[in-house]
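>>> Give the three-dimensional model of this entry:
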Amino acid sequence: MDTPRGTPLTPNGVHAGVHSLLVAIVALTMTASAGCSAPKASTPGPALWGDLKPVVSVKELMRDMIDPVADNIFDAVSIKQTAAGTIEKVPTTDEDWERIRIGAVSLAEGVYLLKVPRPFAPAGDLNNSTGANAVELSPMAIRAKVERDPVEWNARIEALRNVGLEVLDIVKRKDVQEMWDASDNLDAACEACHRSYWYPGEDDQFYRKLDAQLKSIPVPSHARP
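Numbering: from 1, shown residues only. Here you go, the predicted structure:
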């Protein structure tokens, strides 16, 4: 192709104007590609909106907050044998379901307070962790276990929280039958945590030994059938 007279050429024989246009297109393409492949990372927000300081120990938090609100779920359904026969208790009114909902919300939210580092028992409270047959862990032993395996501690917390979320869903549907399962799930989650951190010494061997001790106690003659 003939080159118009007076038109400057690049070293490759391309018109200078065309060369400039090609460079601009390549640069624009590279910029667009970079923008698509590497989006700008968003700035993460703060983990908390303020300081979160514990007020009581784990033992007090469980006794004074978590356990009472859990009773809203535990007590929602029950079967009692009386002289008059079997009495079954289930939620029947809006007030009943509201009480359960309060328990579920309080459990799901409140159990996360166990993620805040705090003493495991009040000062001077060693649990029943002394003596030859102690089955409970001392607060120091519990802390050492949590620090050694924080994954298990958080898993136990999530298990309790999941029950709270489960019950919230049941309340929306007012499913009485599923409340029986939820109560069992809550009991299992609580007991699994207690057996791991509070009284791990209460194993099968402990109960066999206790049963043998009870059988060895002489029964007064007047108390025999």
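>>> can you give me the strands for this structure?
For the chain, applying DSSP state E gives strands covering 78-82, 85-89.
>>> among those, which is nearest Ala188?
strand 78-82 (16.8 Å; C-beta to C-beta). All C-beta atoms are positioned from the backbone trio N, CA, C, and that covers glycine.
>>> Partner strands of that closest one, with direction?
Paired with strand 78-82 in the same sheet, following DSSP bridges, are strand 85-89 (antiparallel).
>>> quick one: contacts of the partner strand?
Strand 85-89 is contacted from outside by Asp75, Ala76, Val77, Ser78, Ile79, Lys80, Gln81, using C-beta atoms under 8 Å, 6 or more residues apart in numbering.
>>> Contacts only, for the third one.
What it means is Val77. Lys89, Val90, Pro91, Val176, Met179, Trp180, Ser183.
>>> What is the neighbour count of the nearest residue to the second one once chain neighbours are set aside?
The reference is to Val90. Spatially, and ignoring its direct neighbours in sequence, Val90 is nearest to Val176 (4.9 Å; C-beta to C-beta, 6 or more residues apart in numbering). If you count neighbours by other C-beta atoms under 10 Å, Val176 ends up with 15.
>>> Next: Asp181.
There are 13 residues near Asp181, going by other C-beta under 10 Å.
>>> So the residue nearest to Val90 versus Gln81, what's the distance?
Distance, Val176 to Gln81, by C-beta to C-beta, to the nearest Å: 20 Å.
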